[in-house]
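Q: Please work out how this folds:
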Amino acid sequence: MKTTSGPEPSPPLRRAAEYVRMSTEHQKYSTENQSDAILAYAASQGMEIVQTYADAGKSGLRIEGREALQRLIRDVEEGTADFDVILAYDVSRWGRFQDAEESAYYEYICRRAGKQVQYCAEQFENDGSPVATIVKGVKRAMAGEYSRELSTKVFAGQCRLIEMGYRQGGAAGYGLRRVLLDEQGQPKAELRRGEHKSLQTDRVILAPGPAEEVETVRWIYARFLKQRKSESEIAAELNERGILTDLDRAWTRATVHQILTNEKYIGNNVYNRRSFKLKRKHVANEPQMWIRADGAFDAIVEQKQFHKVQGIIEERNRRYSDDEMLARLNKLFQRHGYISGLVIDETDGLPSSGAYAHRFGSLLRAYELVGFKPDRDYRYIEINRLLRAFHASAVDHVMDEINRLGGTITRHAATGLLTLNEEFSASIIVARCRQTNAGTLRWKVRFDTGLAPDITIAIRMDRSNEAALDYYLLPQIEMRTNRLGLTEENGLMLDAFRFDTLDFLFDMARRVPVSEVAPW
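A: Numbering: from 1, shown residues only. This next block holds a predicted model:
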């Protein structure tokens, strides 16, 4: 007896992940349009989309900042990817890397782990054949070249607008505001922080801000010129008065220095002082490469004042020879009969005490070279002074770098406690290196227990106490005492918290989960 069987069961759908990356220059590359095309392709190929990795508004030039692509690569390498195929709209969505081999490398990582990458809108099958390899290589090179050509065109357009007196991106800065102009050059509105123009024909200029901010900027110049106050001293005075920057943060040496050196405060529109083309490397350009329009905006500082300030700063930073530095120090010694770090720092026309210590190894060595012998051993005091300067510089560096990376960081004016991304607090401590009688090295970390920061960043200084040796990330939950002794070799737990650079902190500022940064 013959039996009839039902229809053959459909083969199971292959599991696929989609990777989409937003483009700012083509609407066809919106993430929604990419997903629609990928979904149609998957249906025609017997696949189902089980996971989406999306980088919205991210540049394709570098993998840094493209969290979704990084997460995709990580899932593939760690074996947690529950799919067999990765679908991207086309080669350019995978990345417009300037080195075509970088694009190929990330695809190779996936292929090595058994995950095939398919480009849905391309006219070739990514099957590893010689034809596919050649076409894909050409497409990758074309994607990189497109970015280079676009960068050149955009830069040329920006330069033309700068020369016409229009502002090109960036915050206005303390004491200034961005004003939107229509295509006839008539003011439309003041742009608040985070707001951008909506019409291509509109332009932006700078204008004086609130009267109290303008007066504060002029006060900063007066303190620097008339009182000979340093940037750090001015910042401390502003913080004591409860005045915040335009970003509602405490003042630092760097923020005061920026006000004293930026030509926008005398109405000049300057562009291309630093380059970051194609996401490669920040480059400080020579002045002849700057694009400028003098007198483009209303000045809030007199040009005469501004140029006097630049002269002082330039003289302060001038590179003296060893003989010049010692000759000036000897002249100071002969005039006063003694020398100290305070006397050096308060003397006009003389490099700072820190410059002497850096050039000659220590202030005591500089004293010896001009024949001055202190009545007592100032070595311990001198090291403490240098460590305080190092701590201030380290905090400024951390704040400037986190601001540059797009994170947020504030410093409490009274306690110095840092708050990162409004999520956790941090304290930076410098641990001095001490040598025992036996010749071994020791460090003592004293915690700010009264402040109770979420994490303490302990900087171990090197043998000479002149530079950072390494960094320890110490969560409050792990600390059971108000001080910690470190040796040259420490336990496994402390080794897990040790880092050679501050990159772990900057990763946290990019909102990378803490569990992915530090192994606690």
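Q: So, low pLDDT: which residues of the stretch 151-300 of the chain?
A: When the per-residue scores of the stretch 151-300 of the chain are filtered using pLDDT under 70, the ranges that remain are 151-165, 169, 197-198, 200, 272-289.
Q: residue ranges of the helices in it, please?
A: With DSSP state H, counting those that start in this stretch applied, the stretch 151-300 of the chain shows helices at 211-226, 231-240, 253-261, listed in chain order.
Q: Adding mean neighbour count and distance to Lys373, write the ones you listed out as TSV.
A: Just so you know, the C-beta spots here come from the backbone N, C-alpha and C atoms, and that holds for glycine as well. Listed next are the helices of the stretch 151-300 of the chain as TSV, based on neighbours: other Cβ atoms under 10 Å; distance: least, Cβ to Cβ, whole Å:
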stretch	mean neighbour count	distance to Lys373
helix 211-226	16	35
helix 231-240	19	30
helix 253-261	19	33
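Q: nearest residue to Arg460 other than its sequence neighbours?
A: Closest residue in space to Arg460, ignoring its immediate chain neighbours: Leu469 at 4.5 Å, by Cβ to Cβ, 6 or more residues apart in numbering.
Q: Quick check: buried residues in the helix or strand containing that neighbour?
A: According to DSSP states H and E, Leu469 maps onto strand 468-475. Burial within strand 468-475, assessed by neighbour count using 16 or more other Cβ atoms under 10 Å, is assigned to Ala468, Leu469, Tyr471, Tyr472, Leu473, Leu474.
Q: now stretch 242-253
A: By neighbour count, and taking 16+ other Cβ under 10 Å as the criterion, the buried residues in stretch 242-253 are Ile243, Thr245, Asp246, Arg249, Ala250, Trp251, Thr252, Arg253.
Q: hmm, back to that, now for the residue nearest to Arg460: which residues touch it?
A: Leu469 makes contact with Cys433, Arg460, Met461, Asp462 under the criterion Cβ atoms under 8 Å, 6 or more residues apart in numbering.
Q: Can you tell me, leaving aside adjacent residues, what's nearest to Asn263?
A: Heads up, residue 263 is Glu, not Asn. On the basis of Cβ to Cβ, 6+ apart, the spatially nearest residue to Glu263 that is not a chain neighbour turns out to be Val270, at 5.1 Å.
Q: Would you mind measuring from that neighbour to Tyr174?
A: Val270 sits 17 Å away from Tyr174, going by Cβ to Cβ, to the nearest Å.
Q: Pick out whichever of those two has more residues nearby.
A: Between Val270 and Tyr174, counted using other Cβ atoms under 10 Å, Tyr174 has the larger neighbour count: 22 against 16.
Q: for the more buried one, phi and psi?
A: phi -60, psi 130 (degrees, to the nearest 10).
Q: So that it lines up with my notes, have the first residue be 225 from now on.
A: New numbering, starting at 225: the last item is Tyr398.
Q: show me the contacts for the closest residue to it other than its chain neighbours.
A: Among residues not flanking Tyr398 along the chain, Asp470 sits closest, at 4.3 Å (Cβ to Cβ, 6+ apart). With contacts defined as Cβ under 8 Å, 6+ apart, the neighbours of Asp470 are Ala395, Ala396, Gly397, Tyr398, Gly399, Arg417, Glu437.
Q: The fourth one and Arg442 touch, don't they?
A: No: the pair Tyr398 and Arg442 does not pass the contact test of Cβ atoms under 8 Å, sitting 11.8 Å apart.
Q: related to what we said a few turns ago, save the helices of the stretch 375-524 of the chain as TSV, and put in distance to Ala551 too.
A: Below are those laid out as TSV (distance: least, Cβ to Cβ, whole Å):
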stretch	distance to Ala551
helix 435-450	27
helix 455-464	27
helix 477-485	28
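Q: Return the residues in contact with the residue nearest to Gly466 when sequence neighbours are not counted.
A: Spatial nearest neighbour of Gly466, excluding adjacent residues (Cβ to Cβ, 6+ apart): Ala637 at 7.3 Å. Under the criterion of Cβ under 8 Å, 6+ apart, the contact list for Ala637 reads Asn463, Glu464, Gly466, Ala474.
Q: In the contacts of Leu693, find the pair that's most separated.
A: Greatest spatial distance among the contacts of Leu693 (Cβ to Cβ): Arg684 and Asp686, at 7.9 Å.
Q: Who has more neighbours out of these two?
A: A direct count of neighbours by other Cβ under 10 Å for Arg684 and Asp686 places Arg684 higher, at 19 against 12.
Q: so what's the more buried one bridging to?
A: Applying DSSP bridges to Arg684 yields these beta-bridge partners: Ala655, Asp694.
Q: Return every residue with contacts to both of Arg684 and Asp686.
A: Looking at what touches both Arg684 and Asp686 (by Cβ under 8 Å, 6+ apart), the common residues are Cys657, Ala692, Leu693.
Q: Need those residues in TSV (columns: pLDDT and distance to Lys528).
A: Conversion of the shared contacts of Arg684 and Asp686 to TSV gives the following (pLDDT from 0 to 100; distance: Cβ to Cβ, whole Å):
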residue	pLDDT	distance to Lys528
Cys657	88	48
Ala692	85	41
Leu693	85	47
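Q: wait, which of the residues you listed is closest to Leu629?
A: Distances from these to Leu629 were compared by Cβ to Cβ; the smallest belongs to Ala692, at 19.7 Å.
Q: Who are the contact partners of the closest one?
A: Counting by Cβ under 8 Å, 6+ apart, the residues that Ala692 touches are Ala618, Ile683, Arg684, Met685, Asp686.
Q: When you compare pLDDT across these, which one is lowest?
A: Within the contacts of Ala692, pLDDT reaches its minimum at Ala618, with 83.
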